[in-house]
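*Asks:* quick one: sequence plus predicted model below, questions after.
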Amino acid sequence: MADDDLRDFETATFTHQGKTRTIYRRGTGPAVIVIAEIPGITPKVTEFARMVAGIGCTAVMPHLFGRPGRDPHPKEHGWRATASYVASSLVPSCISREFTVLATGKTSPVVDWLRALAASEHERSGGPGVGAVGMCFTGGFALAMATDDRLLAPVLSQPSLPLPLMRRQREAIDISPEDLAKVKGRCANGLTVLGLRFEGDTLVPGSRFDFLRRELGDAFVAVELDDACANPDAFTKRHSVLTEHLIDAPDEPTRAALNQVLDLFRSRLLKTPDGLTG
């Protein structure tokens with residue numbers, strides 16, 4: 001794919017506790033916070049955001065790292081440029097105090113900013129609440145954001161933190177015990193948490209999803225796909241269910257997983273007072 005100029009997105013800024021970031025917004029209706037994976041807001045991420053807007057929601061993409069719209073595929077810029085770009089996004093994020101990369105039992109500080117953004121977008125867009133999708137590096141952020149009652153549809157797509165270097169990291173996710181307890185309380189009262197991964201993805205071990213099943217019970221809905229379902233044209237191994245490794249065609253398992261995400265947003269955010277979807 002070519003780079004995406006995001007021309008069809010509204011550009012704005014959001015400030016919380018002295019931190020200002022650019023956000024990209026498209027659509028009308030209840031807000032869904034789309035939190036990009038490393039290396040940033042790629043053309044595949046913007047495609048997903050457009051699909052979210054297409055069902056009647058407002059897709060809101062905060063710019064956390066990388067260069068918005070840049071295609072990371074080597075076919076577009078070459079292998080050397082791709083490696084340099086990915087490193088320029090990954091390394092600063094790994095050493096930033098805003099992101100919890102290795103520690104267990106800790107919520108990344110950037111989640112406070114994301115919760116405030118979600119609250120602001122809910123006030124702006126209306127509806128019963130908001131949704132959130134975290135991907136890879138940001139996958140667990142959507143779970144930690146669910147301490148806020150306004151977050152009605154959290155989606156964890158290939159949540160990769162903490163990096164699964166040791167057993168205790170593989171059997172955990174980046175959320176503090178206090179935040180996890182709040183989310184568990186909400187799950188007991190009807191919240192659904194959707195998780196997506198490829199079965200052979202070493203960045204998202206099965207033991208992480210086992211942990212979420214134990215902690216959240218039936219409220220955690222796991223979608224685990226065979227590796228063979230991943231788009232073979234992607235330049236990395238199976239990982240990004242909703243973006244780089246999506247095969248957007250009927251009867252494809254990754255498309256079915258995408259539909260499940262969109263259906264969650266429809267059921268939780270687009271219900272009218274009479275119980276029908278708008």
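*Replies:* Arrived safely.
*Asks:* buried stuff in stretch 159-168?
*Replies:* 159-162, 164 (16 or more other CB atoms under 10 Å). Yep, even glycine has a C-beta here, placed from its N, CA and C like the rest.
*Asks:* got it, and stretch 247-259?
*Replies:* By neighbour count on 16+ other CB under 10 Å, the buried set for stretch 247-259 is 247, 253-254, 257-258.
*Asks:* in helices only, show me those.
*Replies:* 253-254, 257-258 (DSSP state H).
*Asks:* rewinding a little: I'd like the buried residues of stretch 159-168 as TSV, with distance to Phe220 appended.
*Replies:* Below are these laid out as TSV (distance: CB to CB, whole Å):
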residue	distance to Phe220
Pro159	12
Ser160	17
Leu161	17
Pro162	18
Pro164	18
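*Asks:* filter those residues down to just the ones in strands.
*Replies:* Within the buried residues of stretch 159-168, no residue falls in strands by DSSP state E.
*Asks:* and which of the residues you listed is nearest Pro128?
*Replies:* When the buried residues of stretch 159-168 are compared for distance to Pro128 (CB to CB), Pro159 wins out at 24.9 Å.
*Asks:* contact partners for that closest one?
*Replies:* By CB atoms under 8 Å, 6 or more residues apart in numbering, Pro159 lies in contact with 134, 136, 139-140, 143, 173-174, 195, 197, 204, 208.
*Asks:* quick check: the farthest pair among these?
*Replies:* Longest span within the contacts of Pro159, CB to CB: Asp174 and Arg197, 15.2 Å.
*Asks:* so these two - more neighbours on which side?
*Replies:* Shown here are Asp174 and Arg197; by other CB atoms under 10 Å, Asp174 has more neighbours (30 against 26).
*Asks:* contacts only, for the more buried one.
*Replies:* By CB under 8 Å, 6+ apart, the residues touching Asp174 are 100, 103-104, 106-108, 140-141, 144, 159, 161-162.
*Asks:* again, but for Ser207
*Replies:* Here Ser207 is in contact with 167, 170-171 (criterion: CB under 8 Å, 6+ apart).
*Asks:* just send the buried residues of stretch 247-259 back as TSV, with pLDDT and distance to Asn231 too.
*Replies:* As requested, the buried residues of stretch 247-259 are exported to TSV (pLDDT from 0 to 100; distance: CB to CB, whole Å):
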residue	pLDDT	distance to Asn231
Ile247	98	5
Pro253	98	11
Thr254	98	7
Ala257	98	12
Leu258	98	12
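*Asks:* low-confidence stretches in the stretch 1-150 of the chain?
*Replies:* For the stretch 1-150 of the chain, the stretches with pLDDT under 70 are 1, 85, 91-96.
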